[in-house]
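J.: Got a sequence here, can you build the structure:
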Amino acid sequence: MPPVSLLRCLFALVLVCLGGACSRAEPGPPVAPVSASPASTVTGSPSVDVTRIARDATWAPGSLVDHFGKHGNEGPWADAGAYDRSARDTIRTGRDFTYIDRTANVRRRGFYDASGNRFTSVTEDLRRITTHFRPDTGERSVVLLPESTYRR
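T.: Next comes the predicted model:
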């Protein structure tokens, strides 16, 4: 019989794999960033067209409802539609930065709206919304994300 610590490691690995499934990006062709206003850029990050991302980005099938179930009670979101609109508004109004997603271990584009303490993440190709929530520790949360380019 394997040692208990080995079983714990295997169990933890399975949990990490299962937990990261909802935030994993689907492969697709790379999309060149489109220039936008200076307000939507971050030092060291290419500029992006936040209006286009907010309009065109999609949630993975079923993940909007799943994420609303997980984070919906954190904000004034009456339903999944209001939650989705808040995520898209955060993309338009939040500060743009990049970071490494701890669960999926891939680069993401984040948008943080300090005035409303709202965070939205999209895949690196800017096509898929991966999450939206209100961080427990506000701006500090996005500053401390792995390899975060967020600057106060």
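J.: could you pull out the strands for this protein?
T.: 58-59, 95-101, 106-113, 118-123, 128-133 (DSSP state E).
J.: Residue 71: which of the ones you listed is closest?
T.: Closest to residue 71 of the strands of the chain is strand 128-133 (C-beta to C-beta; 4.1 Å). The C-beta positions use only the backbone N, C-alpha and C, and glycine is treated the same way.
J.: between that closest one and strand 118-123, how many degrees?
T.: In terms of direction (axes from the mean of the first three to the mean of the last three C-alpha atoms, to 10 degrees), strand 128-133 departs from strand 118-123 by 160 degrees.
J.: can you tell me the average pLDDT over strand 128-133?
T.: The average pLDDT for strand 128-133 rounds to 95.
J.: Run me through the strand neighbours of it, direction for each.
T.: Here strand 128-133 has these sheet partners by DSSP bridges: strand 58-59 (parallel), strand 118-123 (antiparallel).
J.: So which of the ones you listed is the most surrounded?
T.: Scoring these by mean neighbour count under mean count of other C-beta atoms under 10 Å gives strand 118-123 as the most buried, with a mean of 24.
J.: Quick check: residue 91 vs residue 105, distance?
T.: Using C-beta to C-beta, to the nearest Å, residue 91 is found at 23 Å from residue 105.
J.: Between the two, which has more neighbouring residues?
T.: Shown here are residue 91 and residue 105; by other C-beta atoms under 10 Å, residue 91 has more neighbours (29 against 11).
J.: who's in contact with the more buried one?
T.: 50, 53, 54, 57, 111, 120, 122, 129 (C-beta atoms under 8 Å, 6 or more residues apart in numbering).
J.: how about low-confidence regions in the protein?
T.: 1-46 (pLDDT under 70).
J.: Kindly recompute the last result at 80.
T.: Within the chain, the segments meeting pLDDT under 80 span 1-47.
J.: Quick check: the gap between the closest residue in space to residue 113 that isn't next to it in sequence and residue 65.
T.: Excluding its sequence neighbours, the residue lying closest to residue 113 (C-beta to C-beta, 6 or more residues apart in numbering) is residue 94, at 4.0 Å. Using C-beta to C-beta, residue 94 is found at 23 Å from residue 65.
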